[in-house]
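A.B. asks: how would this look folded up:
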Amino acid sequence: MSNRDLYAAIIGHAKTSYYLAYFERADTRGYAPLSWNWPAFFLGMFWLLYRKQYQWALIFLLFPNLAMAISYLPNLLGIEGIGNPIFLVLVFGFMGVFIPLFANGIYYKWAKSKIEKAPSDVSGEAALKEFLSNRGGVNRHLPFMVVLIILIITMLTPLSQTTA
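C.D. replies: Model (predicted):
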């Protein structure tokens, strides 16, 4: 079975030709080349969740906290006034530049590892394709569930707490 068939099985039906072209280019070069991913730029964590990149989605979610801690360091050293710019550069650099530039490569490496980790006891092309299809594809529901959870939390959290 060709790599193309294995990749197609793990990518699923959404944007298969786009990702197959990228994956084949990466295989030919021997590394994942930089490429811009507009959905990752505009949707960020939701694109990561949709493409089942759960570890990266968690990193995406937690990164602003790390950036905030780093941007607070100049204040501890007595240097005031540069914490906010550092925070903005770190957050935009990670969420607005790094993730969109490396999203396709992250997805490629994930797909390749899923294929390599496929159990050897899966016999036959059809069984292997089915196994990869179950592991891959997209998660259409999770991004919407996260939005719904965020909306519910937002509605339940009072805007200001007043005491009488």
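
A.B. asks: Give me the phi and psi for residue 35.
C.D. replies: phi -160, psi 150 (degrees, to the nearest 10).

A.B. asks: you'd agree it is up against residue 101?
C.D. replies: Yes - contact criterion CB atoms under 8 Å: residue 35 and residue 101 qualify, at 7.4 Å. Every residue, glycine included, has its C-beta placed from N, CA and C.

A.B. asks: who does whichever helix in the chain runs longest touch, helix- and strand-wise?
C.D. replies: Identified as the longest helix of the chain according to DSSP state H is helix 54-76. Where contact means 3 or more CB pairs under 8 Å, 6 or more residues apart in numbering; DSSP states H and E, helix 54-76 is packed against helix 45-50, helix 83-91, helix 99-116.

A.B. asks: run the last query once more with 7 Å
C.D. replies: Here helix 54-76 touches helix 45-50, helix 83-91, going by 3 or more CB pairs under 7 Å, 6 or more residues apart in numbering; DSSP states H and E.

A.B. asks: Which residues does the first one contact?
C.D. replies: Applying CB atoms under 7 Å, 6 or more residues apart in numbering, the external contacts of helix 45-50 come out as 39, 40, 56, 57, 60, 61, 103, 138, 139, 142, 143, 146.

A.B. asks: Just the buried ones from the residues you listed?
C.D. replies: 40, 56, 57, 60, 103, 138, 142, 143 (16 or more other CB atoms under 10 Å).

A.B. asks: which one of those residues is nearest residue 120?
C.D. replies: Ranked by distance to residue 120 (CB to CB), the buried ones among the contacts of helix 45-50 are led by residue 138 at 26.6 Å.

A.B. asks: Skipping adjacent residues, who's closest to the residue nearest the centre of the chain in space?
C.D. replies: Geometric centre of the chain, nearest residue: residue 48, 2.9 Å, by CA atoms, centre = their mean. Leaving aside its chain neighbours, residue 48 sits nearest to residue 57 (3.9 Å; criterion: CB to CB, 6 or more residues apart in numbering).
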